[in-house]
Structures are given as C-alpha cells and as structure tokens.
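A.B. asks: got a structure for you, letters missing:
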C-alpha cells in the first residue's frame, strides 16, 4: 500500500473518509474519478475487516453506492433515445451529482465545527467566578412550596457551569506542575513522613498534595515500597482504614 | 453609596456578585430603578472602560442577553499557572460536527442530522444534551413526530457568543461553486445559440 | 501583558479568579517571580487604591494570610435588591447546581455536596427542601451521622420525568476515550502496512 504517512484521526463516517481520500489524492470534488476513489475506499474497508474491527453499516452502504455509481458511469449513454439534444443535454444527470452534493454539504459543517472549536478555545481563556453566596442578604425567601418554573435543561446547564468552572489549586506548583515528579524522590519523602510519625501512618494521610500527578506518584511510591518490602500495608478488616508501616529493620 | 454618582462602583459590585450566572439588563434596571435603555447605556459604558483600560484585568462580556465579568484573555498565561483546567474535556469531533449542524439548521431532527453526517448520531446528541449545549425544542410535524433540537444559552456561553447571530458565517457551498455557475451559464448560452 | 507594567491588571485578574479561595503571598510572589516582600508591597498598594477609589465597587481583604476580592460594604443595599429582583428562574443557580448534584449522586450528604461545589450549601438545601424537590432520605454511616439527601416525587413531576432512570445520562468520558484509542490503533496500524 502506498504511503499513509499522514497521522490520521479517526474518521467520522464514510463521507469523512471520502473527503480525506479526495484531499489526499488531490482530486477535484466536482469531477471525482469514481473508479479510483472506489478502489481506495475499498482498501480502507478491507483493512478494517482484516483487523476485525466493527465496521459501521454506513461504510458498507457507501461502498455499495460507490460501486453503483461506478457501473452507471460505465454504461453507454442513452443508446436508444431518439434524442432531442437540447433537452437531453440539460436533463442528463451525472450519477455522481448526489454524492458530490452530500460531500459538499458535509464539508461545510465539518469546517463550521472547526470554527466552533476555535471559539471554544478562545472562550476557555476567560476565567469566571462562581456567583457569590448572597443568601444572608435574602429576606426569608419564599419558602413555601410554589410551583417551580425550571426545566431539566436549566438544571443540566447549572451542572455544566459548575463543571466548567476552573479549579483553583493552592499552593501552586507553577513550573513544577508540568514536570514529572521523580518517584524515587517521593519514595524518600514517604519514608521520611512515616519515620516522623513513629513509622506508621494512615494511608490517606500520605496524600497531602492536591494535584492529580502528585497523587499518582505517591500511590506508585507506596506500591514500589511494598514491592521492595520496605513498608507493610495493613488493614484490620474489609473497608477499614489502611495503615502504612515501615518494615522492621529498614 | 449613591446610586447616581457611584453607579459604576455599584455595577461592578453587582457583576462581581453575579459571577458566571451573569446579570440581565432587567435586573440591572431594577436595582438602579432606571429604564432598560438607561441600564444598557451604563453597562456598555463600563464595558468599554474596562476593555480599554490597560490597568484593569477584568472585562465584561455579553452572553445571550446577560452580562458577566471575566478576566481578560491576555491574562490566561498567568492564570494557567494557578488554576487547574476545568474537568470537563472539550468536545469530540463527532459532537462538534453535530453541534455545528444544529447551530446552523435549528430546529432540526436527528434523522436530518444523520443525513448530513452520513452516520448514526445518537451518542453525540446524548452528550450534547447532557452538556446542556442543545435541547429538545419541539416535535416535527408528520409521522413519527420526531424531536427537534436547538441550541441552549449554555451553547452561547461555551462559545462566547452574544447571540446566534454572532455565529461565524457558514462556509459556502465551496469555492468552486462560482466557477461552476459560470460554466453552467456558458453552456446555457451555448445551448441557446 | 507584561508582568512588569501591567502587574495591577494581572493581580486583579488573579484575585478575581481565585474567588473565595483567596490568594496567598507565596502564589503572588511566584507568579510575578518577585520576593514575598515585593509581593506584599504590590498587594498592599492595590488594596489601598481600591479602598480609596470611589469609582470601584470591589475591595481586597486579608483573611488568614490570603487575600481575596469582595464587594465593598457600602454595596450591601444594592446586593440585597439584586437578590430580591425577580430572576428569570424561580431557582438560583446555586439551588440548581445543588439539585443536579443530588439528582445524580443521591443519597448524598451536605458535606459531600459542598466538596463538589466548593461553597457552603445550607441555604440552597433549605430552599430545595421547602420546595419539596429534595428530602432527607436517611443518615450516613460513621461519625456525625449526617443527613443524606435524595430527590422527591415532586422533583420528577417538576422535570417531567417518569423515573430517575430518565435523567439524561451524563457523558461518560471513559467510553469516548476508548473509542478514540481503538480507532487510533486502527489507523496507526494502517500507517504501518
């Protein structure tokens, strides 16, 4: 197979795949060489089959459509008509027309999606804050059970706002944040922390940091220490607290 | 504080307190006991002042008819150091495409969206509803009475749009379209010779 | 924006985004890459400026070693008016957020809700109980035996749901990621053929 050197993201469907092929083969979308594109398309489908991936039925429908167009193109044009040239010239439908129309329509929205993505990124540069808690200010709010005029969407909207709000992290780990925290360093720190509290500490108390990275590294450090048998992790019974202990003689 | 003299300070405080819930013109007007027109003039004046004052780090944006205070975008680099990115990931390609179709063609049914995309679109629709970016806005006429989808205010907020009118222009049918028409015209002429 | 010239704007933005969490001297010093001493001078200068500028509605206060932006005391009357102003929804955003968390995570304690929201949630809970959208459904195990909250039948009625199962499924990011990986794998393989 020829060079697929472009790193391709997953396709969003047969139209997306076709657009990709059209771009890659530098084909004029208004004059698609159906035989060539069909062949290329089928190569993709076959590869998917060989890899035993589930192929969405839409891909197969499109394969059939391409083959149908291909055979239509091969048919000699209006053999038997007693033709009235003017009308025929205009009425003559290119079998590719419908597909081309769909591709172009789809391409418009694919581009529009790109625009949206950019807008989303720009918007994400702006930071907001949660509404202040003004509940002390309110007089006894109407506490009676009145009809509530809200929709499910209002509720989902509020939830999304909450999720979108950026999480403040303090104390900050400015430049350190992007760096990997060496596990060895964390291992030393865990041992030191344990020694400071008579060699034994609640497992949860080892996780003092807020950043996900630090939590992960701490966890890995404890695992590593267990493997080296430098610590013992004990639990009195199911769901009880875990304790980490420095192993004897270490 | 006097409503008349210190309206800027008051408005700033109101916007601050409202946070990302935003303030509608109506609530501004009602606090100041002025007309919507007057409220609009005030908010616009403050908006311009904040935008042009280099010494200020905040700005006012308008989203779907309500106003909120945000940091200026030039500050993003500094803020990134202190603030974790929001937990919700950005949208997948499938969701973005679906959303684009809905944004430009609303109200629209699932079937119509699938015709354009050429693939099943249930999952992206579910995601977009759950993310409160789209909602069911009615039922189509005819058999099936399928749900019609449209965008929400959360959509405007996520993409920083004042209103749907501010959506970027939908790309044309294609650059070549013009040539095509010209060619058609040429052949039409030819046919009529 | 330049750290040197526009430090006031940057500091304002940082304080704004920090919200109720506040900003420590250490954070300020590290963002500006200056000494704690210098950071302290800056924050104090901005504090004085805000306090004395009648055109500003915000002030900086220091609580337990961290600095936060709040509205000035003199604005209290106007904020009260804002709270009482008729809003478009009969539930505040705080109440809606709280309700959403309970709907999806029930049964859940107040403390757990506050951990998610990052703010006190007593008042929204009261409102929601009063409006019969949520109720106490039991007590948590363990110390304190805090109340557990869940939604009511009135909640289902209000949102037109037959049962909780009809709540829109929240996007499961795990699933989407998996699909992506499988597809990427496919195309990576393809590239190596």
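C.D. replies: Now that the structure is in, tell me what you want to look at. Predicted, not measured: the structure shown is a model, and the values here were computed from it.
A.B. asks: Residue A:200 against residue A:247, yeah?
C.D. replies: No: using C-beta atoms under 8 Å, residue A:200 is not in contact with residue A:247; the gap is 11.1 Å. All C-beta spots, glycine's among them, are computed from the backbone N, C-alpha and C.
A.B. asks: where do the helices sit along chain B?
C.D. replies: B:7-18, B:25-32, B:36-52, B:76-80, B:93-105, B:110-117, B:122-130, B:153-158, B:176-192 (DSSP state H).
A.B. asks: To residue A:154, which of the ones you listed lies closest?
C.D. replies: helix B:153-158 (9.3 Å; C-beta to C-beta).
A.B. asks: The closest one - what's its average pLDDT?
C.D. replies: Averaging the model's pLDDT scores along helix B:153-158 yields 93.
A.B. asks: hmm, that helix in reach of chain A?
C.D. replies: Yes: legend: contact between helix B:153-158 and chain A by C-beta under 8 Å from any C-beta of the partner chain is shown at B:153-154, B:157-158.
A.B. asks: so, if you compare those residues, which one comes nearest to chain C?
C.D. replies: residue B:153 (9.9 Å; C-beta to the nearest C-beta).
A.B. asks: Distance of the closest one relative to residue B:77?
C.D. replies: 29 Å (C-beta to C-beta, to the nearest Å).
A.B. asks: And the helix ranked longest in chain A, what's buried?
C.D. replies: Identified as the longest helix of chain A according to DSSP H is helix A:97-123. For helix A:97-123, the buried set under the neighbour-count rule, 16 or more other C-beta atoms under 10 Å in any protein chain shown, comprises A:99, A:102-110, A:112-117, A:119-120, A:123.
A.B. asks: Any regions of chain A where pLDDT drops low?
C.D. replies: Counting by pLDDT under 70, chain A contains low-confidence ranges at A:1-10, A:51-53, A:77-92, A:135-136, A:138-147, A:166-182, A:208-214, A:238-239, A:249-250.
A.B. asks: now the helices for it?
C.D. replies: Using DSSP H, helices in chain A cover A:14-24, A:34-50, A:57-74, A:85-91, A:97-123, A:152-164, A:183-196, A:212-227.
A.B. asks: on that earlier part again, would you turn the helices of chain B into JSON lines with mean neighbour count and distance to residue B:136?
C.D. replies: Converted to JSON lines, the helices of chain B look like this (neighbours: other C-beta atoms under 10 Å in any protein chain shown; distance: least, C-beta to C-beta, whole Å):
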{"stretch": "helix B:7-18", "mean neighbour count": "24", "distance to residue B:136": "28"}
{"stretch": "helix B:25-32", "mean neighbour count": "20", "distance to residue B:136": "27"}
{"stretch": "helix B:36-52", "mean neighbour count": "15", "distance to residue B:136": "31"}
{"stretch": "helix B:76-80", "mean neighbour count": "18", "distance to residue B:136": "35"}
{"stretch": "helix B:93-105", "mean neighbour count": "24", "distance to residue B:136": "11"}
{"stretch": "helix B:110-117", "mean neighbour count": "19", "distance to residue B:136": "10"}
{"stretch": "helix B:122-130", "mean neighbour count": "20", "distance to residue B:136": "8"}
{"stretch": "helix B:153-158", "mean neighbour count": "24", "distance to residue B:136": "14"}
{"stretch": "helix B:176-192", "mean neighbour count": "11", "distance to residue B:136": "34"}
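A.B. asks: Can I get those in CSV including distance to residue C:112?
C.D. replies: Putting these into CSV (distance: least, C-beta to C-beta, whole Å) gives the following:
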stretch, distance to residue C:112
helix B:7-18, 26
helix B:25-32, 32
helix B:36-52, 38
helix B:76-80, 28
helix B:93-105, 29
helix B:110-117, 36
helix B:122-130, 21
helix B:153-158, 25
helix B:176-192, 57
